[in-house]
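J.: With the sequence up front, the predicted model follows.
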Number of protein chains: 2
Amino acid sequence: MRKIAESTVRRLSLYLRFLEEFEEQGIETVSSEALAARGGTTSAQVRKDLSFFGSFGKRGLGYSVQELVQKLRGILGLGRTYRVAMIGAGKIGSALVQYRGFKQRGFEIVAIFDTDAAKVGRGWNGLTVQDARELESALRDQRVDIAVIVTPADSAQNVADRCVALGIKAVLNFAPVQLTVPDDVVVKTVNLALELETLSYALTNR
Amino acid sequence: MRKIAESTVRRLSLYLRFLEEFEEQGIETVSSEALAARGGTTSAQVRKDLSFFGSFGKRGLGYSVQELVQKLRGILGLGRTYRVAMIGAGKIGSALVQYRGFKQRGFEIVAIFDTDAAKVGRGWNGLTVQDARELESALRDQRVDIAVIVTPADSAQNVADRCVALGIKAVLNFAPVQLTVPDDVVVKTVNLALELETLSYALTNR
DNA sequence: GGGCTTTTGTGAAATCTTTCACAAATGTAG
DNA sequence: CTACATTTGTGAAAGATTTCACAAAAGCCC
């Protein structure tokens, strides 16, 4: 498949959210103009984004909300569930585990790890926190699609390496470090410091 | 000042992190090549990014780590402290409050709000959680530079509107919604669902 | 069915970002 | 002091993304 820009994928994901809203409100049809208005972009952008994957609209009418929801779910790979391992049972991990949208969208947390002896063995939303040293033995014969790394900065790369060795191909990283992984592994890093500094830059340069 | 791309600002923020690492290690001088290697980019990119703001290096030698750290702090507006109000005292808010990098980089949380009567009045890291209905009276004569919105999705826009009315010009939003604000207010949204879906897209289309 | 209105899908143009490539500095070694 | 090795700073080229603009499709009304 032709390379699609990350910005495009992010917008598709946004469109999907809006379309789900529309669906709940009982709206059956939407124009690229309406979708763009909801998402702060332009109708041409919406049409171009969709056009990379096919043509889903009816000229003169717009898009069937229901149909477009289906198509976008397919494009984004949301037609299945993903098994997620969370490594790190601190505050952020705990917030994530409770986040409903996670399960709602098909991301199921199947294991939680931590190095802290005080946490290991405790129950957490129906799961037992396991010792991080047992990552390999615990995950060897469990399929895990995505690792969420919520460890302190200094252990994140080590954890990432071990996940890669286990064959995990996708990592969501909340540790404030730049992870190095092979080309066939995809990493998304959420870095709070970066966001704050973008704000501080914007506040300064006006 | 000429418009600088967001991607450039994010990289500058990354460079700063790496330079601080180098500084700790006692490294005094760094080339664009070395900085690029650490950050997964190219030396030309590093030089171009910096060139928007001046020329900080010595040909044949590279950059003084210490000097470049100073310059980048200045460019990113990190030479001061920012007063932050946190609206929402749930799990994510709690994780953020404890995040050290926050204070370390000059972002000081000066107030926390929630609507939940069970939380209001409780102490939180040296601060008392205030009733969100009192946002206006509490912040009227406190300077607040940045609002962090950590409320449920359905109240986020309302909170944002009230922050804007209070004259706040920067918002960091963790609610999974697209906020609408006037042009002179800058919003960064951290949307977990979006990150997950980018991963799922990447896993699907390989 | 013909004319009118709406809205898509998409090449082409415009704009933005990254990469290239090289002259100009700067230090070093002999 | 000259030749040499580095490495910056930056126009120009290449590449990527967004916007424009319009023909083509589809429904609607008379």
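T.: Now that the structure is in, tell me what you want to look at. Residues are numbered from 1 along each chain as shown, chains lettered A, B, ... in the order given.
J.: For A:L196, give me its contacts.
T.: Residues touching A:L196, when contacts are defined by C-beta atoms under 8 Å, 6 or more residues apart in numbering or on different chains, comprise B:82, B:102, B:105, B:107, B:146, B:172. Every residue, glycine included, has its C-beta placed from N, CA and C.
J.: For chain A, what lies in contact range of DNA strand C?
T.: Residues of chain A lying near DNA strand C by C-beta under 7 Å from any atom of the strand: A:31-33, A:43-44, A:47-48, A:50-51, A:55-63.
J.: one more time with 6 Å
T.: Within chain A, the positions adjacent to DNA strand C are A:31-33, A:43-44, A:47-48, A:50-51, A:55-57, A:59-63 by C-beta under 6 Å from any atom of the strand.
J.: How many residues are close by A:W124?
T.: A count of neighbours around A:W124, defined by other C-beta atoms under 10 Å in any protein chain shown, yields 17.
J.: residues in contact with it?
T.: By C-beta under 8 Å, 6+ apart, the residues touching A:W124 are A:89, A:94, A:97, A:112.
J.: And the helices in chain A, which stretches?
T.: Defined through DSSP state H, the helices belonging to chain A, from first to last, are A:6-24, A:32-39, A:43-51, A:65-75, A:91-98, A:100-104, A:135-139, A:153-165, A:192-204.
J.: quick check: angle from the third one to helix A:6-24?
T.: Going by axes from the mean of the first three to the mean of the last three C-alpha atoms, to 10 degrees, helix A:43-51 is angled at 100 degrees with respect to helix A:6-24.
J.: next one: the last one
T.: Regarding helix A:192-204 and helix A:6-24, their directions subtend 90 degrees when assessed with the same axes, to 10 degrees.
J.: what comes up buried for helix A:192-204?
T.: Residues A:192-203 are the ones in helix A:192-204 that count as buried (16 or more other C-beta atoms under 10 Å in any protein chain shown).
J.: which one of these is nearest DNA strand D?
T.: When these are compared for distance to DNA strand D (C-beta to the nearest atom of the strand), A:T198 wins out at 17.0 Å.
J.: want to throw the buried residues of helix A:192-204 into TSV with pLDDT and distance to DNA strand D?
T.: What follows is these, written out as TSV (pLDDT from 0 to 100; distance: C-beta to the nearest atom of the strand, whole Å):
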residue	pLDDT	distance to DNA strand D
A:L192	92	24
A:A193	91	24
A:L194	95	19
A:E195	96	19
A:L196	96	24
A:E197	97	21
A:T198	97	17
A:L199	97	21
A:S200	97	23
A:Y201	98	20
A:A202	97	19
A:L203	97	24
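J.: Serialize those residues to CSV and add fields for distance to A:L16.
T.: Converted to CSV, those look like this (distance: C-beta to C-beta, whole Å):
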residue, distance to A:L16
A:L192, 25
A:A193, 29
A:L194, 25
A:E195, 23
A:L196, 28
A:E197, 30
A:T198, 25
A:L199, 27
A:S200, 32
A:Y201, 30
A:A202, 28
A:L203, 32
